[in-house]
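K.L.:
okay, here's the prediction I keep looking at, along with the sequence it came from:
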Amino acid sequence: MWIILLSICVILVVWLIFTQSNKDYWKKRNVVQVNDLLVSFFRGDRSIAEIYKEVYDSHPKELYVGSVMMTKPTLILRDLQNMQAVLHTDFESFSSRGIDCNENDLLADNVLFISDYQRWKTIRQKMTPLFTSSKLKSMTNVIKECARDFVEMVKQNKEMREKPFTALYTYTTATVGASVCGIDTQVNNSMQSPFLEMSWKALEPSTITDIKFAISTFSPTLFKLLKLKIFGEHEEFFIGAMKKVLAARRNDPHNINDFIGLCMEIQKAGPMKDKSNDYELEPTDELLAAQAFFFFLAGTDTGANTMHFTLLELASNPDVLQKLHKEIDQVFEETNGEVTYDVIDKLVYLDMVVNEAMRKYPPIGALQRECVRDTVLPVGNLKVEKGVTVVVPAYAIHRDENLFPNPEKFDPERFAPENATYLPKYGYMPFGEGRRICLGSRYARIQVLSGLAYLLRSFTLKPQNYTPRFEKSNFSLRDTNSKYDLILRENI
């Protein structure tokens with residue numbers, strides 16, 4: 001703690017000096033510039049995504065709006081073609097997320113956080129096979145068992161019905177844990193996940209975490225010099241747990257379709273090699289544990305939030321809920337209640353409902369990239385220098401009335417199959433977009449749709465009006481304290 005306090009003092013002193021030198025950074029380049037957004041975040045009580053949206057909405061005629069994050073020049077994009085350039089066509093100029101971690105921050109050494117392009121590319125190539133159709137089919141069976149246990153837990157536990165987000169978080173943690181390590185046959189219920197407390201603490205917004213990210217943004221050199229770790233407190237438990245699972249699986253390789261099975265295949269093959277050059281990386285237990293940790297980061301909080309916002313909107317839109325119940329009942333009756341990999345595709349309206357929930361409440365409120373080499377944006381011909389942070393404000397884009405008419409209305413028909421061609425390219429990105437699009441987006445769809453299908457087969461929702469109040473988060477949109485009344489359906 002004293003290291004962080006000392007860091008804050010150093011940052012404040014240096015910030016006061018550098019603020020003067022960067023105060024007109026964008027103005028000198030004929031770009032509209034607003035005040036330091038990170039300072040606005042720390043002073044206020046809103047999520048960073050809401051702050052970006054305010055800037056986005058306040059400058060409707062601009063292609064981009066400049067600012068600074070502490071001392072770092074930051075550019076908020078408003079044009080979809082420029083967003084496509086940053087996320088895809090000019091990806092190698094923006095390959096980094098701009099989150100610099102220490103080499104000894106073992107759990108941060110994963111495909112979500114890695115800034116080193118070569119290292120990221122090599123690991124991602126090896127992780128991609130986890131989400132083939134055959135492996136997803138196997139994981140769907142695991143998710144199905146978790147979904148059934150989840151519904152039974154909600155039925156039997158009144159406290160879970162009174163704290164619905166906690167129930168959803170328990171489900172998403174259990175599904176990820178079971179998909180990574182397999183279902184633990186030593187427990188009576190898959191909801192008894194040993195990873196629940198760790199996952200909750202790792203992703204719950206906190207001032208300390210915000211400060212660490214601020215130091216990383218302000219001065220990666222200082223962050224590394226102080227040997228700060230974003231996830232250091234979870235290393236001993238998580239890496240230890242993964243080492244035990246890996247060791248056990250070496251003696252009994254019973255499941256090759258989960259994450260641990262993939263790890264075994266990778267380690268048997270020797271060094272991880274980039275297909276295009278001679279780069280090699282040793283697949284140590286620690287490195288593979290970090291990738292497992294990535295699945296918890298990407299699949300627990302975001303999945304729970306998506307389900308939570310979907311249920312909040314369904315409670316506020318009884319007509320949508322009634323139509324959805326009709327589809328779920330029909331599918332369950334046709335399949336004897338077996339939601340398999342192939343059955344997921346029959347839940348067309350549920351998929352539309354979830355897509356609309358992710359439009360209004362994208363799991364990640366904004367995408368951040370750092371320019372790693374000087375380049376030029378295609379629309380506006382603005383030169384972007386190495387070291388500049390570029391923001392794609394997903395939440396603001398999803399609520400832009402020019403892209404989604406009447407954006408505050410919850411309207412699943414926007415995502416009807418016949419309307420797919422009308423969706424704006426790079427205007428809808430709940431899982432990110434481009435080369436760093438979420439690896440597990442197909443898995444997330446199965447996880448969320450399965451959980452909601454089983455839950456809404458047994459429960460309905462009492463009508464209510466929902467007004468969101470997002471938590472102060474620099475990462476996602478969260479409203480974990482909002483509630484809805486789950487009512488057990490009769491004759492089901």
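P.N.:
Looks like it arrived, so ask away.

K.L.:
what ranges do the strands span in the protein?
P.N.:
Counting by DSSP state E, one finds strands in the chain at the ranges 64-69, 72-77, 272-273, 280-281, 367-370, 375-376, 383-384, 389-392, 459-461, 486-488.

K.L.:
quick one, which of those is nearest to Pro412?
P.N.:
Nearest to Pro412, of all the strands of the chain, is strand 459-461, at 15.5 Å by C-beta to C-beta. C-beta here means a position set from N, CA and C on the backbone, and glycine is covered the same way.

K.L.:
packing partners of the closest one?
P.N.:
If you count contacts as 3 or more C-beta pairs under 8 Å, 6 or more residues apart in numbering; DSSP states H and E, strand 459-461 packs onto helix 301-316, helix 318-335, strand 486-488.

K.L.:
tell me which of these sits most buried.
P.N.:
Most buried of the helices and strands packed on strand 459-461 by mean neighbour count (mean count of other C-beta atoms under 10 Å) is helix 301-316; its value is a mean of 25.

K.L.:
output the contacting helices and strands for that helix.
P.N.:
If contacts are counted by 3+ C-beta pairs under 8 Å, 6+ apart, helix 301-316 sits against helix 164-181, helix 318-335, helix 348-360, helix 441-458, strand 459-461.

K.L.:
right, and Thr462 touches Leu321 too?
P.N.:
For the record, residue 462 is Lys, not Thr. No. With contact defined as C-beta atoms under 8 Å, Lys462 does not reach Leu321; the gap is 10.3 Å.

K.L.:
and the helices and strands packed on strand 459-461 as TSV, adding distance to Cys146 and mean pLDDT?
P.N.:
As requested, the helices and strands packed on strand 459-461 are exported to TSV (distance: least, C-beta to C-beta, whole Å; pLDDT from 0 to 100):
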stretch	distance to Cys146	mean pLDDT
helix 301-316	11	97
helix 318-335	17	97
strand 486-488	18	95
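
K.L.:
of those, which is nearest Glu433?
P.N.:
Here helix 301-316 is closest among the helices and strands packed on strand 459-461 (C-beta to C-beta), at 15.4 Å.

K.L.:
and the angle for that closest one with helix 164-181?
P.N.:
140 degrees (axes from the mean of the first three to the mean of the last three C-alpha atoms, to 10 degrees).

K.L.:
ok, which of the helices and strands packed on helix 301-316 comes nearest Met83?
P.N.:
Short answer: helix 348-360, nearest of the helices and strands packed on helix 301-316 by C-beta to C-beta, at 16.0 Å.

K.L.:
check which helices and strands that closest one sits against.
P.N.:
helix 301-316, helix 318-335, helix 441-458.

K.L.:
let me know the pLDDT of Gly240.
P.N.:
Looking at Gly240, its pLDDT stands at 89.

K.L.:
ok, it - how many residues close by?
P.N.:
Gly240: 11 surrounding residues under other C-beta atoms under 10 Å.

K.L.:
need the strands of the chain in JSON lines with distance to Val55, can you?
P.N.:
Compiled in JSON lines, these are given as follows (distance: least, C-beta to C-beta, whole Å):
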{"stretch": "strand 64-69", "distance to Val55": "5"}
{"stretch": "strand 72-77", "distance to Val55": "6"}
{"stretch": "strand 272-273", "distance to Val55": "40"}
{"stretch": "strand 280-281", "distance to Val55": "39"}
{"stretch": "strand 367-370", "distance to Val55": "14"}
{"stretch": "strand 375-376", "distance to Val55": "22"}
{"stretch": "strand 383-384", "distance to Val55": "18"}
{"stretch": "strand 389-392", "distance to Val55": "9"}
{"stretch": "strand 459-461", "distance to Val55": "35"}
{"stretch": "strand 486-488", "distance to Val55": "38"}
